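**Q** Got a predicted structure plus its sequence, pasted below:
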Amino acid sequence: MNAKGPIYAPAELLARLVAFDTTSHRSNLELISFIEDYLRQHGVTSRRIVSSDGEKASLYATIGPDGGGGIALSGHTDVVPVDGQNWTSDPFTVRIADGRFYGRGTADMKGFIAAVLAATPDFKRRKLKTPIHFAFSYDEEIGCIGVRPMLADLGKNLPKPRMVIVGEPTSMRVVDAHKGPVRWHVEVKGRPVHSSMAPLGVNAITYAARLIEELERIEDEFKHTTVNSRFDPPYPTVQVTTIDGGTASNIIPVTCTFGFEVRALPGLDPLLIEQRLRAFAEENCLPEMRAVAPEADISIRRNEGVPPFGADRASDVVALALKLTGQNETHTVSFATEAGLFQDAGAPAVVCGPGDIAQAHTADEWIAESEIAKCAEFLTRLGDWAES
């Protein structure tokens with residue numbers, strides 16, 4: 001039976017999606033309502049997974065047989081800010097020029113969602129033997145926050161897929177592994193005194209510098225001991241990303257705070273780095289600090305991270321993605337996705353989507369029309385597979 005809902009080309013849907021400003025600090029509910037209504041017109045029911053404050057929601061929908069199994073097409077609805085960027089046109093109005101669609105989120109990753117939605121009428125008219133699920137999340141850009149409640153509901157109120165394709169921009173190459181970012185906040189507390197009496201105080205910046213030097217040593221060791229040539233760079237990176245300390249040039253600093261990030265390779269437990277830094281603080285910093293100021297302290301707090309991803313070789317998802325793309329080899333990336341979280345939840349994943357990550361997060365972000373077309377062809381072949 002033919003679908004009764006509206007038929008849109010991916011480009012039309014992309015323009016509609018980009019027009020919703022879903023920057024992570026804003027609500028995405030208007031976009032979710034648009035997708036819900038579009039799917040409803042095609043006879044597809046969906047379920048919202050609402051955030052604790054009610055301001056955002058993920059959306060899960062299924063086309064085909066009821067129950068678990070099948071394949072999920074995963075994408076995030078949020079985008080990064082445009083503040084401070086020099087755009088040549090309105091970021092939330094798609095501009096078409098030279099075979100490119102310009103606008104915030106075109107590459108990352110509303111282009112993929114638009115292609116998936118445009119494929120809905122085709123999926124719906126088929127007699128699918130394998131269900132195709134849509135899994136659209138929020139707040140991926142600030143720590144993959146929105147997908148986590150949805151994952152917790154898989155196999156309960158939501159059918160659990162047998163495999164997942166995460167449509168992040170990979171130029172439609174099949175990615176079977178990526179690094180995982182984990183971030184920490186460190187606070188060093190010393191004792192302030194007049195700088196002319198420095199030995200009576202504890203300089204928080206000095207001891208923060210020692211901790212940072214230890215992090216540099218850790219990364220240097222990784223360059224020789226923890227190497228995977230499939231990645232660029234081929235080792236886990238350890239970077240200090242923020243730092244703040246001191247009050248005046250004639251006062252020994254009482255506090256210094258800094259943040260650092262580890263981009264871990266698959267198989268590396270980032271908590272080992274935290275344990276090593278804590279041990280260094282306990283052995284090489286705190287005894288000296290507390291000998292002068294018993295109240296001195298070092299706090300190391302881990303923020304929620306995104307796990308590194310390595311595809312489950314026992315799953316068929318990598319082989320399927322290679323078949324659908326007509327490729328013979330897989331690739332890796334250093335940016336993070338929701339794939340590792342799906343995999344940890346028991347839904348083996350792969351990453352493959354339209355667009356180039358080099359265009360993501362930039363002013364005048366764009367995706368090539370040819371990339372959208374390749375994704376549309378990929379989804380048609382997916383429909384063939386799910387129907388066979």
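**A** Yes, it's here. Numbering: from 1, shown residues only.
**Q** What segments of this protein are helices?
**A** Taking DSSP state H as the criterion, the chain carries its helices at 10-18, 29-41, 111-118, 120-125, 147-153, 204-225, 271-284, 286-292, 317-325, 339-344, 369-387.
**Q** For Thr77, which non-adjacent residue is spatially closest?
**A** Asn28 (4.9 Å; C-beta to C-beta, 6 or more residues apart in numbering). In this view, the C-beta of every residue, glycine as well, is placed from N, C-alpha and C.
**Q** tell me the phi and psi of that neighbour?
**A** phi -110, psi 10 (degrees, to the nearest 10).
**Q** Would you enumerate the residues in contact with it?
**A** 20, 22, 56-57, 77-78, 138 (C-beta atoms under 8 Å, 6 or more residues apart in numbering).
**Q** Do you know the pLDDT at it?
**A** We have a pLDDT of 98 for Asn28.
**Q** Give me the distance between it and Leu17.
**A** Separation of Asn28 from Leu17 (C-beta to C-beta, to the nearest Å): 11 Å.
**Q** Leu382 now?
**A** 20 Å.
**Q** Measure how buried the nearest residue to Leu31 once chain neighbours are set aside is and give me the count.
**A** Counting by C-beta to C-beta, 6+ apart, Leu31 lies nearest to Phe20, which is 4.0 Å off, once chain neighbours are set aside. The number of residues packed near Phe20 is 22, by other C-beta atoms under 10 Å.
**Q** go on, Leu286?
**A** 16.
**Q** unless I'm mixing things up, it is touching Glu295, no?
**A** No - applying C-beta atoms under 8 Å, one finds Leu286 not in contact with Glu295, separated by 11.5 Å.
**Q** Next one: the residue minimising distance to the centre of the chain relative to Val186, how far apart?
**A** Compute the mean C-alpha point of the chain, and by C-alpha atoms, centre = their mean the closest residue is Thr337, 3.7 Å away. Distance from Thr337 to Val186, counting by C-beta to C-beta: 27 Å.
**Q** Give me the domain ranges for the protein.
**A** Domain ranges of the chain: 10-177+308-387, 180-302, per automatic domain parsing.
**Q** so which of these is the most packed in?
**A** Comparing the domains of the chain by mean neighbour count (mean count of other C-beta atoms under 10 Å), domain 10-177+308-387 ranks first with a mean of 20.
**Q** Just the strands from the stretch 101-250 of the chain, written as ranges.
**A** Assigned by DSSP state E, counting those that start in this stretch, the strands in the stretch 101-250 of the chain fall at 132-137, 163-166, 175-178, 180-189, 237-245.
**Q** what comes into contact with the last one?
**A** Yep, that's strand 237-245 we're talking about. Under C-beta under 8 Å, 6+ apart, the answer for strand 237-245 is 183, 188, 204-205, 208, 212, 215-216, 218-219, 222, 253, 255-263, 273.
**Q** hmm, 6 Å instead?
**A** Residues outside strand 237-245 that contact it (C-beta atoms under 6 Å, 6 or more residues apart in numbering): 204-205, 212, 215, 218-219, 253, 256-263.
**Q** One more: the fourth one?
**A** Counting by C-beta under 6 Å, 6+ apart, the neighbours of strand 180-189 from elsewhere in the structure are 204, 207-208, 255-264, 270, 296-303, 305-308, 336.
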